[in-house]
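**Student:** The following block contains a protein sequence and its predicted model.
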Amino acid sequence: MSTYAVTGAASGMGRAVAEKLSAAGHTVIDVDIVEATVTADLSTAEGRRSAAAAVLEQAGGRLDGAVMAAGLGPAPGKDRPRLIAEVNYFGVVELLDAWRPALAAADRAKVVVFSSNSSSTVPMVPGRAVRGFLDRDVDRVLRALRIFGKQAPTFAYAASKIAISRWVRRTAVTPEWAGAGIRLNAIAPGAVLTPLLEKQLATPAEAKQINRFPVPIGGFGDPGDLADWVVFMLSDAADFLCGSVVFVDGGSDAWFRADDWPRGVPARRLRSYLKRMAAFRR
Ligand code: NAD
């Protein structure tokens, strides 16, 4: 049986994943701001440090996997963009930085990070905000979002999810991760009926937007179904999955972006492509 750390395990999809892993006989070290074995506020650097350390202590320095589901959705509030940035991006990368040696100590460890289809369906997310995340500069992120005024939380959310997907893809393939046998991937759900979405649906203006958003297959996703995808991404069947962002969103990403991906390498990128080819060591 395996040992998994699950953040955001008190509610929604994180909770569903934790319940399924426990029911299968695994040890789950659950992390959340409420109702958890490791209680910590991931919106602060101190909270992230204490959560990372407490999990490592409980796991005895070896983790078979981690699921990073703690997250905040877009909601009104002046401080909301900062909270979204801290939890959705830094609450993932700082914990995984700390847990990497424990994951490398296990055999074929698996990590699933919660992204979102907001990463590909929200228009006009500033590249400066995404680069700010990747450079770990939260003030730069917030400066880039100021122009959006009351809409800033929506763009903070999308930028955090673009950045975390990019971090996953860049990091997954490095010698420290893939080279150490750790499989790092992301899941990008569409609208899934969890307390996070229920809160948004309770506001008439937001409900209107959500209900008119294109979902070709119709309806909302089910948290238990999404948890099954995550459990699959933690299983042996996912041994060859590395650096992928798996969209489970009823078709919204394909509706908007069918021709954008996959895409061949254009002639102007050939030089950097060949450089990457030469840089690879088996
Ligand atoms: P949820 O609100 O039901 O659960 C999120 C959990 O994160 C909660 O238990 C909450 O307490 C925890 N959390 C929030 N702030 C925290 C903090 N500061 N410190 C520690 N824990 C904190 O949400 P969900 O819908 O299950 O979302 C799970 C993940 O999936 C999130 O990353 C979310 O962005 C993403 N997502 C959700 C949807 C959706 O429609 N529900 C769609 C795409 C992506």
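**Tutor:** Thanks, I have the structure now.

**Student:** on contacts alone, who are the packing partners of the host helix or strand of Q209?
**Tutor:** Secondary structure from DSSP states H and E places Q209 in helix 204-211. With contacts defined as 3 or more CB pairs under 8 Å, 6 or more residues apart in numbering; DSSP states H and E, helix 204-211 has these neighbours: helix 195-201. Using the backbone N, CA and C atoms, a C-beta is placed for each residue, glycine as well.

**Student:** Buried residues in the helix it packs on, which are they?
**Tutor:** Of the residues in helix 195-201, 196-197, 200-201 count as buried by neighbour count, 16 or more other CB atoms under 10 Å.

**Student:** circling back: for the helix holding Q209, the averaged confidence score.
**Tutor:** Mean per-residue pLDDT for helix 204-211: 93.

**Student:** Please enumerate the helices of the stretch 1-150 of the chain.
**Tutor:** Secondary structure of the stretch 1-150 of the chain by DSSP state H, counting those that start in this stretch: the helices cover 12-23, 45-59, 80-85, 91-104, 118-121, 127-134, 138-145.

**Student:** Would you mind listing the buried residues in the first one?
**Tutor:** This points to helix 12-23. In helix 12-23, the ones that count as buried by 16+ other CB under 10 Å are 12-21.

**Student:** To A237, which of the helices of the stretch 1-150 of the chain lies closest?
**Tutor:** Set against A237 and scored by CB to CB, the helices of the stretch 1-150 of the chain come closest in helix 12-23, at 15.2 Å.

**Student:** Looking at that closest one now, give me its mean pLDDT.
**Tutor:** On average, helix 12-23 scores 98.

**Student:** ok, now stretch 245-255?
**Tutor:** 98.

**Student:** Can I get it as PDB, trimmed to CA atoms?
**Tutor:** Once non-C-alpha atoms are left out, stretch 245-255 reads as follows in PDB (Å, rounded to 0.1, in the frame of the first residue of the first chain):
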ATOM      1  CA  VAL A 245      -2.200  18.300 -19.000                       C
ATOM      2  CA  VAL A 246      -5.300  16.100 -19.200                       C
ATOM      3  CA  PHE A 247      -8.400  18.100 -20.000                       C
ATOM      4  CA  VAL A 248     -11.600  16.600 -18.600                       C
ATOM      5  CA  ASP A 249     -14.000  19.500 -19.400                       C
ATOM      6  CA  GLY A 250     -17.000  18.300 -21.500                       C
ATOM      7  CA  GLY A 251     -15.400  19.600 -24.600                       C
ATOM      8  CA  SER A 252     -15.100  23.400 -23.800                       C
ATOM      9  CA  ASP A 253     -11.300  23.500 -24.600                       C
ATOM     10  CA  ALA A 254     -11.800  21.700 -27.900                       C
ATOM     11  CA  TRP A 255     -14.800  24.000 -28.700                       C
END
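
**Student:** which of the residues in it are buried?
**Tutor:** By neighbour count on 16+ other CB under 10 Å, the buried set for stretch 245-255 is 245-254.

**Student:** if we can go back for a sec, make a markdown table out of the helices of the stretch 1-150 of the chain and add distance to A267.
**Tutor:** Output for those, formatted as a markdown table (distance: least, CB to CB, whole Å):
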| stretch | distance to A267 |
| --- | --- |
| helix 12-23 | 42 |
| helix 45-59 | 43 |
| helix 80-85 | 37 |
| helix 91-104 | 34 |
| helix 118-121 | 25 |
| helix 127-134 | 23 |
| helix 138-145 | 31 |
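
**Student:** Looking at those, which is nearest to E176?
**Tutor:** helix 91-104 (6.5 Å).

**Student:** Which residues of this structure lie near the ligand?
**Tutor:** Within reach of the ligand by CB under 6 Å from any ligand atom, the chain has these residues: 8, 10-14, 32-34, 41-43, 69-73, 87, 114, 116, 189, 191-192, 194-197.

**Student:** Now do the contacts for the closest residue to S2 other than its chain neighbours.
**Tutor:** With CB to CB, 6 or more residues apart in numbering as the criterion, S2 has its nearest non-adjacent residue at 3.6 Å, and that residue is D64. Going by CB atoms under 8 Å, 6 or more residues apart in numbering, D64 touches 2-4, 26, 106-107, 109-110.

**Student:** Give me the pLDDT value at D64.
**Tutor:** 98.

**Student:** Give me the neighbour count for the nearest residue to F148 once chain neighbours are set aside.
**Tutor:** Using CB to CB, 6+ apart and skipping residues adjacent in sequence, the residue nearest F148 is F155, 5.0 Å away. Neighbour count of F155, defined by other CB atoms under 10 Å: 24.
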